[in-house]
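Visitor: What would the 3D arrangement of this be:
(one chain, ligands or ions: 1)
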Amino acid sequence: MDIVPHTRAPSSDADISAPISRSSTPQTSRSLLFDDIESEAPFYSSIQGDFVLVVGGLGYIGSHTSWELLKAGMNVIIIDNLSNSFKGVLDRLELLRSTHYRQQSDDVVPPVLHFYEADYRDRCAMRALLSKYNHQPGHLPGSPSSSSAIESAITGVIHFAAYKSVSESFQNPLAYYANNVGGMVDFCNLLGELNITTFVFSSSATVYGEFANKGGRLIEEYCDNRGCTGLTNPYGRTKWMCEAILDDLAVSDSRWSIIALRYFNPIGCDESGVLGEDPRDTPNNLMPVVVKVMTGELERLNVYGTDWNTADGTAIRDFIHVSDLARGHLAALTARNTLGQGFKKFNLGTGTGHSVQEIITSMERVSGKSIPVHKTGRREGDVAICIAEPSNSMRSLNWRTNKTLDDCCRDICRFLNLDVSAPQPPREESQKRGTISMGSRCARASGWSGPRSSSTLVCLEKSCGLFFSALFLFLLLLV
Ligand SMILES: NC(=O)c1ccc[n+]([C@@H]2O[C@H](COP(=O)([O-])OP(=O)(O)OC[C@H]3O[C@@H](n4cnc5c(N)ncnc54)[C@H](O)[C@@H]3O)[C@@H](O)[C@H]2O)c1
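Guide: Numbering: from 1, shown residues only. A predicted model of the protein is given here:
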């Protein structure tokens, strides 16, 4: 897959706005999508170039990945039911996209971003929606000619849409199996019918289960199709099941090229401070809780276990900057050409661990704020150390991480609109790179000030509007 910016004829504004506006009433999305089929020819004729479909693309990792794809010049379609994200993320992506491409030379044509608010388990809606991107307008799967005759403008799919809370998966395992496993099976069935067979799957280090207790870095071969030792929770089991199913699928049908990426501990956010981690659910992983303490929403941070066999007694994890992780998905799509057909699995981690205490110290140093902690006992199922062996991904995906722990903390502070005490890039450099100072200014220009609830955002977006933020920025740049 080519990730060089497109230099084709520009698309009309209607390309971007039509799918977005059609998605604004989720309860009626099905009939609206069917309506779209009637007007399929005009929609189809407005589509130019290839698209990457990002399912769950408004969530934490999905939005960062969509941004990296757009930056690399790829057209993106996002499907999200907003079960754990907010529509304001779409506006932020659009702001980043337009700001970034305004700074490029005239012959670089900006990629387009389409958004559909829909549940990816809604087979009828998905069938109608994805068929719009067929190269043969009007050709629906199930019609007499075979699916291999169908060619789609969608050349790759990245699947993020899943529930991800370990504790919730104990309380409501069926919801987890239905969304994470059942949803993916039905979706892959449809993708196969439409001849869309390049698939990147969000997996997790949780598939290693109790292997983490063995010590040493975790290598991909510890967990494969035949099973894994000691999966510790239903969420982890959904991820392992999905991997096994995808492996079987690739064996059974040679059209498929599937890559499962096993994430370790993504933290941080885009360096612009415009995107971040902003879930609807109450987060229970470390960094979002640190953030809640910094913003005063929580009094203190619980540190579970200070007697592990580590230098400072706190547990060690492989924390990876979310932008490095996001770039791993581009690398996977690109490597599809060299890796070829079949199912492959790769760790996305740094290969270096940081302790919980190191995270706290880094955040305190960067933000200049103190983070009160409460030291408490170990949690059931926790392990002392969990670190990826990333050499396979580095070699086969031609990918490596380049952000530090301090980068993660500094970028989070920008997202929170906190003053960052650590040294900033010189002004000229940040202007050249475009996104660092700009993003924060964008945020301020739109009246956006740090950690937010959806209602605050909606209110701010209504009163200020992206158009004025963009205009303001543009004038600022001219000056
Ligand atoms: N964040 C982590 O620490 C982590 C670690 C390992 C693996 N993962 C996996 O990465 C993926 C993304 O994680 P994230 O942290 O961005 O989560 P997230 O909850 O922020 O994003 C998931 C997105 O998918 C959407 N979604 C969920 N079910 C859907 C459905 N049925 N139809 C349409 N949209 C749906 C949600 O609204 C959300 O926007 C998940 O599959 C998760 O299991 C995450």
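
Visitor: Tell me how far stretch 254-268 lies from the chain's centre.
Guide: Offset of stretch 254-268 from its chain centre (Cα atoms, centre = their mean, to the nearest Å): 11 Å.

Visitor: Where does pLDDT dip in the chain?
Guide: For the chain, applying pLDDT under 70 flags the ranges 1-46, 136-148, 418-479.

Visitor: The ligand contacts on that one?
Guide: Residues of the chain lying near the ligand by Cβ under 6 Å from any ligand atom: 56, 58-62, 79-85, 119-121, 160-162, 164, 179, 183, 202, 204, 263, 266, 279, 285. The C-beta positions use only the backbone N, C-alpha and C, and glycine is treated the same way.

Visitor: Quickly list what residue 54 is bridged to.
Guide: residue 78, residue 158 (DSSP bridges).

Visitor: let's number from 31 now, not from 1
Guide: Fine by me, first position is 31 from now on; the one you just mentioned is residue 84.

Visitor: Residue of this protein nearest the ligand, please.
Guide: Using Cβ to the nearest ligand atom, the single residue of the chain nearest to the ligand is residue 89, 1.9 Å away.

Visitor: contacting residues around that residue?
Guide: 110, 114-115, 190-191, 309 (Cβ atoms under 8 Å, 6 or more residues apart in numbering).

Visitor: May I see the PyMOL selection of the buried members of the residues of the chain next to the ligand?
Guide: Buried members of those, defined by 16 or more other Cβ atoms under 10 Å, are picked up in PyMOL with:
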select buried, resi 86+88+89+90+91+92+109+110+111+112+114+115+149+150+151+190+191+192+194+209+213+232+234+293+296
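
Visitor: Helices of the stretch 131-280 of the chain, start to end?
Guide: Under the criterion DSSP state H, counting those that start in this stretch, the stretch 131-280 of the chain contains helices at 153-161, 196-201, 203-206, 213-223, 264-282.

Visitor: what would those look like in TSV with distance to residue 304?
Guide: Converted to TSV, the helices of the stretch 131-280 of the chain look like this (distance: least, Cβ to Cβ, whole Å):
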stretch	distance to residue 304
helix 153-161	27
helix 196-201	29
helix 203-206	31
helix 213-223	29
helix 264-282	29
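
Visitor: burial measure for the residue lying closest to residue 235 once chain neighbours are set aside, as a count.
Guide: Leaving aside its sequence neighbours, residue 235 sits nearest to residue 294 (Cβ to Cβ, 6 or more residues apart in numbering; 4.8 Å). Using other Cβ atoms under 10 Å, residue 294 has 25 other residues around it.

Visitor: Same check on the one 3 residues further on?
Guide: Neighbours of residue 297 under the rule other Cβ under 10 Å: 28.

Visitor: Bridging across strands, which residues link to it?
Guide: Where residue 297 sits in a bridge, its partners, by DSSP bridges, are residue 351.

Visitor: Please give me every residue in contact with it.
Guide: Contacts for residue 297 (Cβ under 8 Å, 6+ apart) come out as 316-317, 349-352, 389, 438, 442.

Visitor: Next: residue 226.
Guide: By Cβ under 8 Å, 6+ apart, the neighbours of residue 226 are 83, 160, 182, 184-185, 187.

Visitor: how about those residues in JSON lines, adding neighbour count?
Guide: Compiled in JSON lines, the contacts of residue 226 are given as follows (neighbours: other Cβ atoms under 10 Å):
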{"residue": "83", "neighbour count": "28"}
{"residue": "160", "neighbour count": "25"}
{"residue": "182", "neighbour count": "21"}
{"residue": "184", "neighbour count": "21"}
{"residue": "185", "neighbour count": "21"}
{"residue": "187", "neighbour count": "25"}
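
Visitor: Do I have it right that residue 365 meets residue 423?
Guide: No - in this structure, residue 365 is not within contact of residue 423 by Cβ atoms under 8 Å, at 9.3 Å.

Visitor: quick one, phi/psi of the residue lying closest to residue 185 once chain neighbours are set aside?
Guide: Closest residue to residue 185 apart from its sequence neighbours, by Cβ to Cβ, 6+ apart: residue 80 at 4.4 Å. Dihedral angles of residue 80 (phi, psi; degrees, to the nearest 10) stand at phi -90, psi 160.

Visitor: quick one on the thing from earlier: does the residue nearest to residue 235 touch residue 236 like I think?
Guide: No - applying Cβ under 8 Å, one finds residue 294 not in contact with residue 236, separated by 10.0 Å.

Visitor: Now for the closest residue to residue 203 other than its chain neighbours, how many residues are close by?
Guide: Distances taken as Cβ to Cβ, 6+ apart place residue 264 nearest to residue 203, at 4.2 Å, with adjacent residues excluded. Residues near residue 264, counting by other Cβ under 10 Å, number 20.
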